[in-house]
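Asker: coordinates only, sequence not included:
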């Protein structure tokens, strides 16, 4: 059996090579993320860099399915659907209905594979949650380095807290560790290339999939995963709720997330570093506490969210500027 650190190193090197090739192609074809009123960057920047993470991870999922290690081909098809739609949307914007419909089908396949015995209502709730995670990674991938950093924090945190995930999901965690670290070499502030919908959507789906598998296999409680991901889902959810309550056009892109407000004042590098410090020095220890005191998991989750709630309120996340 190949050691998992070797898997990470292999995919780190493969992603570095493929990412360089993608960058050359994107520059040649002039596929750029243009500057607009809602963007957080100042100059047109190459995009679709996440295609390297998607293709390489998808190739490993195909291998796991062929070997009969993963739950089945539903996982492969779901990841393929989300990546294809994301890539298409990067090249030519698609309707929200088509994107959401495809993501819902993909989420349904994931839940069918991972939670086959759950009641219909529970399954539908998880489908909604997976679709939300798929989209919130896209919402939150607005400044250099932040989405790949969240992926690294989650994967490393899951490995530390669980003592090493067993089974196919544990191998995928190491694939994502290597691929995300390699992508950061191109996306760290100032970014040479952006992730694009193809990368952010796939990462959201893959991370939700790993969290559910870790929970169903009783290797890590769902609350611990939610704490590790709190920097993303709380910001996105809080901002969305505020925009709905204040009757803003919440389906439109905007620059009112907490991380965007911080980046506009402090810059991308400061904000991404602050995000990493908060995740490693606050969220990871709090997630560990949720394991040590399982009867108090919800209370521990609440404690983890308090600083985020205060910052969102202080910086008026979701409010009009």
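Answerer: Here it is on my side, so go on. Treat the numbers as computed from the prediction; the structure is a model and nothing was measured. Numbers count the residues shown, from 1 in each chain.
Asker: what mean pLDDT would you report for the helix or strand harbouring residue 18?
Answerer: In the assignment (DSSP states H and E), residue 18 maps to helix 4-29. The pLDDT scores in helix 4-29 average 95.
Asker: Next secondary structure element downstream of that helix?
Answerer: With DSSP H and E, the next secondary element past helix 4-29 is strand 32-33.
Asker: On the three-state scheme, the spatially most central residue of the chain is what?
Answerer: The centroid of the chain falls nearest to residue 204 when counting by CA atoms, centre = their mean (3.6 Å). With DSSP: H, G, I helix; E, B strand; the rest coil as the basis, residue 204 sits in helix.
Asker: could you measure the nearest residue to it once chain neighbours are set aside against residue 50, distance?
Answerer: For residue 204, ignoring the flanking residues on the chain, the nearest one in space by CB to CB, 6 or more residues apart in numbering is residue 137 at 3.3 Å. All C-beta spots, glycine's among them, are computed from the backbone N, C-alpha and C. The gap separating residue 137 from residue 50 is 10 Å, by CB to CB, to the nearest Å.
Asker: ok, back up a step: how about the helix holding residue 18: buried residues?
Answerer: 4, 7-8, 10-12, 14-16, 18-20, 22-23, 26 (16 or more other CB atoms under 10 Å).
Asker: same deal with stretch 287-305?
Answerer: For stretch 287-305, burial by neighbour count (16+ other CB under 10 Å) applies to 287-290, 297, 300-301, 304-305.
Asker: Among those residues, find me the one that's closest to residue 320.
Answerer: Proximity of these to residue 320 (CB to CB) peaks at residue 305, which lies at 24.1 Å.
Asker: Now do the contacts for the closest one.
Answerer: Neighbour list for residue 305: 230, 234 [criterion: CB atoms under 8 Å, 6 or more residues apart in numbering].
Asker: any idea which helix or strand carries it?
Answerer: Assigned by DSSP H and E, residue 305 falls in helix 297-314.
Asker: Residue 129 too?
Answerer: Using DSSP H and E, residue 129 sits in helix 120-140.
Asker: Determine the next helix or strand in the C-terminal direction from that helix.
Answerer: helix 146-162.
Asker: Could you give the separation of stretch 192-202 from the chain centroid?
Answerer: Taking the mean of its C-alpha atoms, stretch 192-202 sits 10 Å from the chain's own mean (CA atoms, centre = their mean, to the nearest Å).
Asker: one step back: what is the helix holding residue 129 packed up against?
Answerer: Packing partners of helix 120-140 (3 or more CB pairs under 8 Å, 6 or more residues apart in numbering; DSSP states H and E): helix 96-114, helix 146-162, helix 196-216, helix 230-245.
Asker: Mean neighbour count, those helices: which tops it?
Answerer: Compared across the helices and strands packed on helix 120-140, helix 196-216 shows the largest average neighbour count, a mean of 26 (mean count of other CB atoms under 10 Å).
Asker: before we move on, the earlier item: any chance of the helices and strands packed on helix 120-140 in TSV, plus distance to residue 58 and mean pLDDT?
Answerer: Shown next, in TSV, are the helices and strands packed on helix 120-140 (distance: least, CB to CB, whole Å; pLDDT from 0 to 100):
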stretch	distance to residue 58	mean pLDDT
helix 96-114	12	95
helix 146-162	15	97
helix 196-216	8	96
helix 230-245	22	95
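Asker: Would you reformat the ones you listed as CSV and include distance to residue 45?
Answerer: Listed next are the helices and strands packed on helix 120-140 as CSV, based on distance: least, CB to CB, whole Å:
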stretch, distance to residue 45
helix 96-114, 22
helix 146-162, 14
helix 196-216, 10
helix 230-245, 21
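Asker: what's around residue 247, how many residues?
Answerer: Residues lying near residue 247 (other CB atoms under 10 Å) number 7.
Asker: Then residue 265?
Answerer: By other CB under 10 Å, 10 other residues sit near residue 265.
Asker: go on, the one 3 residues further on?
Answerer: Burial measure for residue 268: 23 neighbouring residues, criterion other CB under 10 Å.
Asker: show me what contacts it?
Answerer: 40, 143-145, 189-191.
Asker: again, only this time at 10 Å
Answerer: 40-42, 142-146, 188-191, 259, 262 (CB atoms under 10 Å, 6 or more residues apart in numbering).
Asker: got it, and residue 170?
Answerer: 4, 7, 158-159, 162, 164, 210, 213-214, 217, 219 are the contacts of residue 170 under CB under 10 Å, 6+ apart.
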